[in-house]
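Colleague: Sharing a model that was predicted from the sequence below.
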Amino acid sequence: MSTTQRPRVGVIGLGSMGMGMATSLVNAGFETWGCDLREEARASFAEAGGHAVATPAEMAAGVEIVLTVVVNADQTRAVLFGDGGLLPGLAPDSVVISCATCAPDDVQALGVDLAAQDIHLLDAPISGGSVKAAAGQLTIMASGPATLFERAENVLDALAAKVFRLGDGLGQGSQVKLVNQLLAGVHIAAAAEAMAYGIRGGCDPQTLYEVITQSAGNSWMFENRVPHILAGDYTPHSAVDIFVKDLGIVHDTAHRDRFPLPLTALALSQFTLASAQGLGREDDIAVVKVYPGITLPGMAANDAGFDGGPNDHGGA
Ligand SMILES: NC(=O)C1=CN([C@@H]2O[C@H](COP(=O)(O)OP(=O)(O)OC[C@H]3O[C@@H](n4cnc5c(N)ncnc54)[C@H](O)[C@@H]3O)[C@@H](O)[C@H]2O)C=CC1
Ligand SMILES: O=C(O)C(=O)[C@@H](O)CO
């Protein structure tokens with residue numbers, strides 16, 4: 001099989017999303033290199049059949065297409081251009097696929113700097129969470145030249161149930177991803193507030209989940225995230241700080257253009273409060289913990305200082 005059909009692929013960042021993506025590529029038969037700062041991530045990836053390395057430079061000579069799945073634009077630049085970075089070892093004419101959620105301007109600037117070194121960039125942010133990443137069932141919101149889509153087609157198809165081609169220019173994919181993040185962040189904040197309100201009103205959390213998921217108030221995020229509240233398990237599939245970042249980008253880009261986004265601003269404020277309370281590395285639905293006077297599943301009643309019932313007003 002030619003390398004165009006099964007190019008040698010690298011994934012930089014083996015976190016909630018990158019690990020599943022890298023293992024999906026291994027499972028689809030691609031020779032796959034994975035890089036992460038964290039030793040335990042490298043060990044898991046090696047166990048899954050990939051080549052695990054501690055720095056991007058160590059994979060540079062072995063790969064033709066590289067996906068960057070680190071947290072933000074600064075980290076993406078660091079893994080490409082920083083100490084131990086992918087460049088200059090990556091062969092000219094190789095392809096970088098930027099998957100982190102970034103501002104469109106940052107992706108455009110990255111494309112210019114990579115082009116100066118004869119490296120091509122595809123703007124390809126992702127959606128679907130860690131479960132779909134591991135299943136090779138992501139949604140990819142991509143933009144860039146048609147020739148790059150052709151070169152990366154088999155790789156993208158191994159990762160995604162749906163690859164949207166959103167234009168020839170860099171930043172168009174990221175702009176659509178920011179619309180998704182606006183909705184995702186507002187919906188998570190709303191799901192948290194709804195659960196907090198229901199629990200405060202004396203509703204049984206499990207019953208509430210069953211009723212709402214069969215009713216008009218449901219959302220993908222309510223259905224996906226509320227089970228973490230019910231289990232009392234805030235292990236991060238996507239962390240609170242990811243939404244401080246993402247809604248921060250949405251808010252800042254709109255503010256720059258004098259475009260009002262009141263719901264985004266409120267949701268951002270809730271995630272920022274949660275982060276300030278030390279919840280930044282917990283799962284994003286831990287934003288429910290900022291509400292006072294409720295006893296969440298898995299939490300002792302006296303942790304909240306209230307019994308959680310509608311008639312207990314905290315001794316007031
Ligand atoms: N978690 C989710 O459900 C989703 C996340 N995203 C986006 O995908 C991107 C990744 O998110 P997550 O996987 O949740 O983040 P994460 O924090 O779980 O993973 C990032 C990984 O990058 C590694 N890393 C950071 N700097 C590095 C460096 N210099 N060299 C090697 N490895 C390095 C970290 O050690 C970490 O394992 C973010 O932009 C996020 O906004 C998009 C869709 C869903
Ligand atoms: O899947 C997405 O799209 C998301 O951004 C969320 O799962 C949270 O990062």
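Modeller: Right, received. Where do you want to start? On a predicted model such as this, the values are computed, not experimentally measured, just so you know. Ligands and ions are numbered 1, 2, ... in the order given.

Colleague: you'd agree Asn224 is in a strand?
Modeller: No: under the criterion used here (DSSP: H, G, I helix; E, B strand; the rest coil), Asn224 is helix, not part of a strand.

Colleague: Give me the distance between it and ligand 2.
Modeller: 8 Å (C-beta to the nearest ligand atom, to the nearest Å). Every C-beta, even on glycine, is put in place using the N, C-alpha and C of the backbone.

Colleague: Need the nearest residue in space to that residue, chain neighbours excluded.
Modeller: The spatial neighbour of Asn224 that comes closest, neighbours along the chain excluded (C-beta to C-beta, 6 or more residues apart in numbering), is Gly129 at 6.8 Å.

Colleague: how far away is the one you found from Lys245?
Modeller: Plainly put, Gly129 is 16 Å away from Lys245 if you go by C-beta to C-beta, to the nearest Å.

Colleague: So Asp168, which state does it fall into?
Modeller: coil.

Colleague: Could you report the separation of it from ligand 2?
Modeller: Between Asp168 and ligand 2 the computed distance is 23 Å (C-beta to the nearest ligand atom).

Colleague: same deal with Val226?
Modeller: Val226 is 14 Å from ligand 2, by C-beta to the nearest ligand atom.

Colleague: wait, doesn't that residue sit right on Ala190?
Modeller: No: in this structure Val226 lies outside contact range of Ala190 using C-beta atoms under 8 Å: 11.2 Å.

Colleague: wait, what's in contact with the residue nearest to Asn224?
Modeller: Ser16, Met17, Asn224, His237, Ser238 (C-beta atoms under 8 Å, 6 or more residues apart in numbering).

Colleague: Give me the pLDDT value at it.
Modeller: As predicted, Gly129 sits at a pLDDT of 94.

Colleague: cool, and Arg6?
Modeller: You'll see Arg6 listed with a pLDDT of 88.

Colleague: Count the residues that sit near it.
Modeller: For Arg6, the neighbour count with other C-beta atoms under 10 Å is 16.

Colleague: How about whichever strand or helix holds Leu230, which residues are buried there?
Modeller: Element membership for Leu230 (DSSP states H and E) is helix 220-231. Buried residues in helix 220-231, counted by 16 or more other C-beta atoms under 10 Å: Met221, Phe222, Asn224, Arg225, Val226, His228, Ile229.

Colleague: burial count for Gly173?
Modeller: Gly173: 27 neighbours (other C-beta under 10 Å).

Colleague: Just give the closest residue to the residue in the stretch 101-250 of the chain that ligand 2 sits nearest to, not the sequence neighbours.
Modeller: For the stretch 101-250 of the chain and ligand 2, the shortest gap (C-beta to the nearest ligand atom) falls at Ser127, measuring 3.1 Å. Excluding its sequence neighbours, the residue lying closest to Ser127 (C-beta to C-beta, 6+ apart) is Thr139, at 4.4 Å.

Colleague: For ligand 1, give me its nearest residue in this structure.
Modeller: For the chain, C-beta to the nearest ligand atom, closest residue to ligand 1: Gly15, 1.8 Å.

Colleague: Show the contacting residues for that residue.
Modeller: Gly15 sits in contact with Asp36, Ala41, Val69, Val70, Val71, where contact means C-beta under 8 Å, 6+ apart.

Colleague: Would you mind listing what in the stretch 51-200 of the chain touches ligand 2?
Modeller: Residues of the stretch 51-200 of the chain found near ligand 2 (C-beta under 6 Å from any ligand atom) are Ser127, Gly128, Gly129, Asn180, Gln181, Ala184.

Colleague: Counting neighbours, which of these comes out on top?
Modeller: Neighbour count (other C-beta under 10 Å) singles out Ala184 as the most crowded of those, with 25 neighbours.

Colleague: And the closest residue to that residue other than its chain neighbours, how far from Ala239?
Modeller: Leaving aside its chain neighbours, Ala184 sits nearest to Met221 (6.1 Å; criterion: C-beta to C-beta, 6+ apart). Met221 sits 15 Å away from Ala239 when distances are taken as C-beta to C-beta.

Colleague: Shouldn't the residue of the chain closest to ligand 1 be within a strand?
Modeller: No: counting by three-state DSSP, Gly15 is not part of a strand but coil.

Colleague: just for the protein, where's the confidence low?
Modeller: 1-4, 301-316 (pLDDT under 70).

Colleague: Which residues does stretch 265-276 contact?
Modeller: 185-186, 188-190, 192-193, 240-241, 243-244, 247-248, 250-251, 280, 282, 284, 286-287, 289-290.

Colleague: how about 10 Å then?
Modeller: With contacts defined as C-beta atoms under 10 Å, 6 or more residues apart in numbering, stretch 265-276 is touched by 182, 184-190, 192-193, 239-252, 254-255, 261, 279-282, 284-291.
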